[in-house]
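A.B. asks: Got a predicted structure plus its sequence, pasted below:
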Amino acid sequence: MTIHGDHPFLPPESERSPVRRLRGRLPSPVGLWTTAYGGKRAGLTVSSMLVADGEPGFVVGLIDPDSDLWEMLQQARTAVVALLGQPHQQLADAFGYVAPAPGGPFRMIDWTDTDWGPAPLGVTTWAGCTLVDPHPPEVGWALQVHLEIAHVELAPDDVPPIVHRRGRYTVL
């Protein structure tokens with residue numbers, strides 16, 4: 001067995017997309033989007049997202065059209081968008097499908113069922129949202145999904161958020 005200093009599946013720098021490399025230099029929030037429908041749950045780590053203030057407010061995210069999350073979100077029409085902190089890096093990797101999660105990532109921590117989907121216990125900042133359009137536009141490799149914010153949870157003892165930059169997590 002060989003231990004690599006770099007990611008073993010990362011293509012050489014000369015073969016990487018310059019647009020993806022530009023995006024990777026931007027610090028991005030690490031969000032966990034979850035939903036439930038018909039007794040099943042789905043979730044995905046999303047770092048290509050932003051929150052738009054207003055009445056109502058919106059969360060806009062780039063979602064993989066082939067993800068389990070998108071398939072279930074189209075049916076459920078509701079989602080929880082949780083902002084992850086330093087204690088949740090393994091959870092982010094599991095829902096991002098870059099780390100193992102025996103039994104599935106929903107078994108890693110406890111959850112609270114809400115009107116919008118499962119909310120992770122121990123995550124102090126999250127929003128309950130409704131899907132705006134079940135047929136969002138394609139943007140690059142993803143779908144530009146708009147969620148209307150219906151409910152926001154902000155705990156006073158907020159955990160410092162993690163951000164994703166150049167393939168690594170950093171705490172603000």
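C.D. replies: Perfect, thanks for sending it.
A.B. asks: Find the least confident helix or strand in this structure, judged by mean pLDDT.
C.D. replies: In the chain, no helix or strand scores lower on mean pLDDT, DSSP states H and E than helix 18-24, which sits at a mean of 77.
A.B. asks: List of residues touching the longest strand along the chain?
C.D. replies: When the chain is scanned for its longest strand (criterion: DSSP state E), the result is strand 142-154. The contact list for strand 142-154 (Cβ atoms under 8 Å, 6 or more residues apart in numbering) reads 48, 51, 56-65, 70, 73, 79, 81, 114-116, 119, 124-133, 136-138. From N, CA and C alone the C-beta is placed, and that goes for glycine too.
A.B. asks: Output the contacting helices and strands for whichever helix or strand comes after the least confident helix or strand of the chain.
C.D. replies: Next in sequence after helix 18-24, counting helices and strands by DSSP states H and E, comes strand 28-29. Secondary-structure packing of strand 28-29 (3 or more Cβ pairs under 8 Å, 6 or more residues apart in numbering; DSSP states H and E): strand 162-165.
A.B. asks: Which neighbouring elements make contact with the strand it packs on?
C.D. replies: The helices and strands touching strand 162-165, judged by 3+ Cβ pairs under 8 Å, 6+ apart, are strand 28-29, strand 168-171.
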